[in-house]
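Novice: What follows is a predicted protein model with its sequence.
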Amino acid sequence: MRIILFNSKTYDRDSFLAAAAGGDWHLEFQEAHLGPQTTALAAGCAVVCAFINDDLSAPVLERLAAGGTRLIALRSAGYNHVDLKAAQRLGLAVVRVPAYSPHAVAEHAAALILALNRRLPRAFNRTREGDFSLHGLTGFDLHGKTVGVIGAGKIGLCFARIMAGFGCQVLVQDPYPVSGLGELGARQVELDELIGSSDIISLHCPLTDSSHHLINAQRLAQMKRGAMLINTGRGAVVDTPALVEALKSGQLGYLGLDVYEEEAELFFEDRSDQPLQDDVLARLLSFPNVIVTAHQAFLTHEALAAIAQTTLDNIAAWAAGHPVNQVTQSA
C-alpha cells in the first residue's frame, strides 16, 4: 500500500521511518503542500497523509479520489481544514491523531508565559550586545495570579496543572462539566467571569463555529487592563486585527501566539529572504510585548513519535476494516 506524506519535513521523515521500522510500509515523503497543483503526486496512492496547512477542500479531494486515494490520514488532531461533506460524498475515509502529547503543547504555553513575563527575548538580546542593565525587564510573580483556561481537554487540563503548580488560581471554561478540578484548587466558571477575572488567559479550545473569533474586540475590552493572552490552539479563535488595537491601547499587556489565522501560507517554511507580505502579522511582530512562534508547540521528540505511531496504527486499522479515530461529518 502506497502512502504519501505531503508537507513533510526532516523531523516527519525521521519519526515515521522509526515508527515504520520492521513493518511492511511503503512511505513516500513530499515536501510540497497538498493542493490543487500537487494532487497528481498522489496518483495511485491509496493513503494520503496530510498536515494542518494542507488544502483538503472539495476540489482537492475530488482529484485525490479520482486518482485512487481512499483514505485521508491526518497527522494532526484538528480537522477544520477538511471538507468532510465532500469526503463523505466521495467515499473517502478521514482519520486523525486525537492526542499525541498534551504535555508538549501545555508546556509551550507555559514557556510563552514565562518568556513574556520575564522579558527573556529582550534580556537575551541585550546581554549579547554587552548591555547588562536591568531597566525595562521587571516582571511579576506568577504565584497568586489568576489564570483562565478556555478549553478543558487533555491539553487544557495539563496546562491547568502546570499553572496550579506555580501557585496560580485557576479558572476553567468548557461547555461540558469538567471533573478533577477540586484537586487543583480550580473552578469551572462561565466565560464572562473568566475573561474579567484572569490575569492570564490561555486558549486550548478547538475551532468550531461557536469558537471562531471567540476572542474579539468586545472580549478584549472585558479583560483586565494589561492582562496576558496566550494562544496555542487554533489561530482563528482570535480576531487578530483586534489584538493589534488592544496592544496599541495598552488594554492587552502581553501576547503569546503559536498559531495564526493566516498561517497556512507562512508557517513551516524559511521565508527570511522575502519581505513579509502579511501586514497584520508584521505589525504584531513589531511590539516588544509580543512573542510569535511558528506552530511549534507540538514539536517534541515524544509528540512526533506518538503522531507517527498513531497515524500508522490508524492506517493499519482502516486497512483491516476496523477504522479507529475516524472523523465524520457529524463529529
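Specialist: Right, received. Where do you want to start? What you see is a predicted model, and the numbers here were worked out from it, not measured in a lab.
Novice: can we go C-alpha only for contacts and neighbour counts from here?
Specialist: OK.
Novice: Can you classify the residue positioned nearest the centre of the chain by secondary structure?
Specialist: Closest residue to the average C-alpha location of the chain: residue 233 at 4.2 Å, with Cα atoms, centre = their mean. Three-state assignment for residue 233 (DSSP: H, G, I helix; E, B strand; the rest coil): coil.
Novice: Could I have the CA atoms of stretch 278-292 written out in CSV?
Specialist: This file holds the C-alpha atoms of stretch 278-292, laid out as CSV (Å, rounded to 0.1, in the frame of the first residue of the first chain):
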residue,chain,number,x,y,z
ASP,A,278,1.1,39.9,5.9
ASP,A,279,0.7,43.4,7.3
VAL,A,280,-1.2,42.3,10.4
LEU,A,281,1.5,39.8,11.4
ALA,A,282,4.2,42.3,10.6
ARG,A,283,2.5,44.8,13.0
LEU,A,284,2.3,42.2,15.7
LEU,A,285,5.9,41.3,15.4
SER,A,286,6.8,45.0,16.0
PHE,A,287,5.5,45.0,19.6
PRO,A,288,8.1,44.3,22.3
ASN,A,289,5.5,42.6,24.4
VAL,A,290,4.5,40.0,21.7
ILE,A,291,6.1,36.6,21.0
VAL,A,292,5.1,34.6,18.0
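Novice: How about residues contacting that stretch?
Specialist: 112, 116, 119, 122, 240-241, 244, 247, 253-259, 276 (Cα atoms under 8 Å, 6 or more residues apart in numbering).
Novice: remind me which residues of the stretch 1-150 of the chain are low pLDDT?
Specialist: Scanning the stretch 1-150 of the chain for pLDDT under 70 picks out no residues.
Novice: swap the cut-off to 90 and go again
Specialist: Applying pLDDT under 90 to the stretch 1-150 of the chain flags the ranges 1, 77-78, 80, 99-100.
Novice: just so I have it, where are all the strands in it?
Specialist: Using DSSP state E, counting those that start in this stretch, the strands found in the stretch 1-150 of the chain span residues 2-5, 26-29, 47-50, 71-74, 93-95, 146-150.
Novice: Neighbouring strands of the third one in the sheet, and parallel or not?
Specialist: Applying DSSP bridges to the sheet, strand 47-50 is found paired with strand 2-5 (parallel), strand 71-74 (parallel).
Novice: winner for burial among those strands?
Specialist: Most buried of those by mean neighbour count (mean count of other Cα atoms under 10 Å) is strand 71-74; its value is a mean of 25.
Novice: which outside residues touch that strand?
Specialist: Contacts for strand 71-74 (Cα under 8 Å, 6+ apart): 46-52, 92-97, 311, 314-315.
Novice: need the contact list for the residue nearest to the residue nearest to the centre of the chain when sequence neighbours are not counted.
Specialist: Nearest in space to residue 233, with sequence neighbours left out and distances taken as Cα to Cα, 6 or more residues apart in numbering, is residue 204 at 4.9 Å. Residue 204 is in contact with 149, 150, 151, 152, 153, 155, 156, 231, 232, 233, 234, counting by Cα under 8 Å, 6+ apart.
Novice: I am finished for the moment; much appreciated.
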